[in-house]
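Q: dropping a prediction and its sequence here:
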Amino acid sequence: MPVVLGLPKGSLQDATFNMMKKAGFTVSVGSRSYTPSVDDPDLTCRLIRAQEISRYVELGMLDAGITGYDWIYENGSDIVEVAELIYGKQGMRPVRWVVAVPEESEIRKPTDLVGKRIATEAVGLTKRYLAKIGVEAEVEFSWGATEVKAPELVDAIVELTETGSSLRANNLRIIDVVLESTTRLIANKKAWQDKAKRAKIEQLALLLDGALAAESRVLLKMNVPSENLAKAAAILPALHAPTVMPLSDNNWHAVESVVEEKVVRDIIPLLRQAGAQGIIELPLSKVIF
């Protein structure tokens, strides 16, 4: 039987489909469909709100799923966390659940929330946070557009943010971080004990990890004079060591290495000074460690 995989509908959908594509799985879905097609006979996908995926995985209605740690925590789901996949709607970074209040509010710190009204989609998460800091406040479920409810309807909100731009646009300021969350690949405990299903889920985890690792890395290739080889190799970061191969001209070697993209702008001038020529930067699809 194929592995039934829950994929998040909503803000994570496009990023997840894109990551699945880079991992080697082409997933597509119609605008009104909740059953995506995938080019792998060993996978069957379901498109479900991220808030619900961990519950359905725990109940065994899904063998595995991709959802945020925040919703696993909110639901208290008893599942297997297979892999942490650090990506989001707007970039490769964790997201945060934060307490935010209107700019003009007299609430300055979390303890000022005593007796206040708080709106949030993550009621359980918020109540646990308040209990942890010893604050009694009224928490109400928000069906959406939570940012616009303060200050007319509520005193504060607990909301998910990646960059904080939406909060600032609504004249809200953050007074505390409730939880930091990343995307997770999770599995049902019974499915995890099934040898074939576990192998498929582990394959998916490996390829998704490889696709994410490639997001921040590139392949640098160049030709280096043999006399400058040690100098160039010392400049190049590498997973283990740069690959070095002699050319037909014994005075030159081909050198290549996988490096963090953020350092490329700094090391290319140094490599050029070390005599490297024909430097090429190539994007990567996967890096498997």
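A: Arrived safely, thanks for sending.
Q: which SS state does the residue nearest to the spatial centre of the chain fall under?
A: In the chain, the C-alpha nearest the mean C-alpha coordinate belongs to Tyr87, at 1.9 Å (CA atoms, centre = their mean). Secondary structure, DSSP: H, G, I helix; E, B strand; the rest coil: Tyr87 is coil.
Q: repeat that for Ser11.
A: coil.
Q: for it, give its distance to Ala100.
A: Applying CB to CB, to the nearest Å, the value for Ser11 to Ala100 is 18 Å. C-beta here means a position set from N, CA and C on the backbone, and glycine is covered the same way.
Q: more crowded one of those two?
A: Ala100 (26 against 16; other CB atoms under 10 Å).
Q: residues contacting that one?
A: Glu147, Ala150, Ala156, Ile157, Val158, Glu159, Leu167, Leu172, Arg173, Ile174, Ile175 (CB atoms under 8 Å, 6 or more residues apart in numbering).
Q: tell me the bridge partners for it.
A: Following DSSP bridges, Ala100 is listed with bridge partners Ile157, Ile174.
Q: distance check, it against Asn188.
A: For Ala100, the distance to Asn188 - CB to CB - is 35 Å.
Q: report the buried residues of stretch 41-51.
A: Residues of stretch 41-51 classed as buried by neighbour count (16 or more other CB atoms under 10 Å): Leu43, Thr44, Cys45, Arg46, Leu47, Ile48, Ala50, Gln51.
Q: doesn't the fifth one fall inside a helix?
A: No - inclusion of Leu47 in a helix is not indicated when three-state DSSP is applied; the result is strand.
Q: show me what it is bridged to.
A: Under the criterion used here (DSSP bridges), Leu47 is bridged to Leu7.
Q: any weak-confidence spans in the stretch 1-150 of the chain?
A: 31-32, 88-92 (pLDDT under 70).
Q: let's see 80
A: Applying pLDDT under 80 to the stretch 1-150 of the chain flags residues 11, 30-34, 88-93.
Q: for it, what spans make up the helices?
A: 13-23, 50-59, 69-75, 123-133 (DSSP state H, counting those that start in this stretch).
Q: just the buried residues of the first one, please?
A: Buried residues in helix 13-23, defined by neighbour count with 16+ other CB under 10 Å: Gln13, Ala15, Thr16, Phe17, Met19, Met20, Lys22, Ala23.
Q: swap in the last one?
A: Residues of helix 123-133 classed as buried under the neighbour-count rule (16+ other CB under 10 Å) are Val123, Leu125, Thr126, Tyr129, Leu130.
Q: now do that helix: everything it contacts.
A: With CB under 8 Å, 6+ apart, helix 123-133 has contacts from 70, 73-76, 97, 99, 110-111, 113, 118, 120, 136-137, 139-141, 158, 178-179.
Q: mind running it again at 10 Å?
A: 70-71, 73-76, 97, 99, 109-111, 113-114, 118-120, 122, 135-142, 156-158, 176-179, 181 (CB atoms under 10 Å, 6 or more residues apart in numbering).
Q: pull the CA atoms of that helix into CSV?
A: Taking C-alpha atoms only, helix 123-133 is exported to CSV below (Å, rounded to 0.1, in the frame of the first residue of the first chain):
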residue,chain,number,x,y,z
VAL,A,123,-5.6,28.7,22.0
GLY,A,124,-3.9,25.7,23.6
LEU,A,125,-0.5,27.1,22.9
THR,A,126,-1.4,30.5,24.4
LYS,A,127,-3.0,29.0,27.5
ARG,A,128,0.1,26.9,28.2
TYR,A,129,2.3,30.0,27.7
LEU,A,130,0.2,32.1,30.2
ALA,A,131,0.3,29.2,32.7
LYS,A,132,4.1,29.0,32.4
ILE,A,133,4.5,32.7,33.2
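Q: which of the helices or strands spans the residue nearest to Pro110 when sequence neighbours are not counted?
A: Nearest non-adjacent residue to Pro110, counting by CB to CB, 6 or more residues apart in numbering: Asp176, 4.8 Å away. Using DSSP states H and E, Asp176 falls within strand 172-181.
Q: and that strand, what does it pack onto?
A: strand 64-68, helix 69-75, strand 95-102, helix 123-133, strand 156-161, helix 165-169 (3 or more CB pairs under 10 Å, 6 or more residues apart in numbering; DSSP states H and E).
Q: give me the mean pLDDT for that strand.
A: Averaged over strand 172-181, pLDDT sits at 95.
Q: quick one: contacts of the helix or strand hosting Val264?
A: Secondary structure from DSSP H and E places Val264 in helix 261-273. Residues from elsewhere that reach helix 261-273 (CB under 10 Å, 6+ apart): 214-218, 220, 222, 224, 228, 231-232, 234-237, 255, 257, 259-260, 274, 276-277, 279, 281, 283-284.
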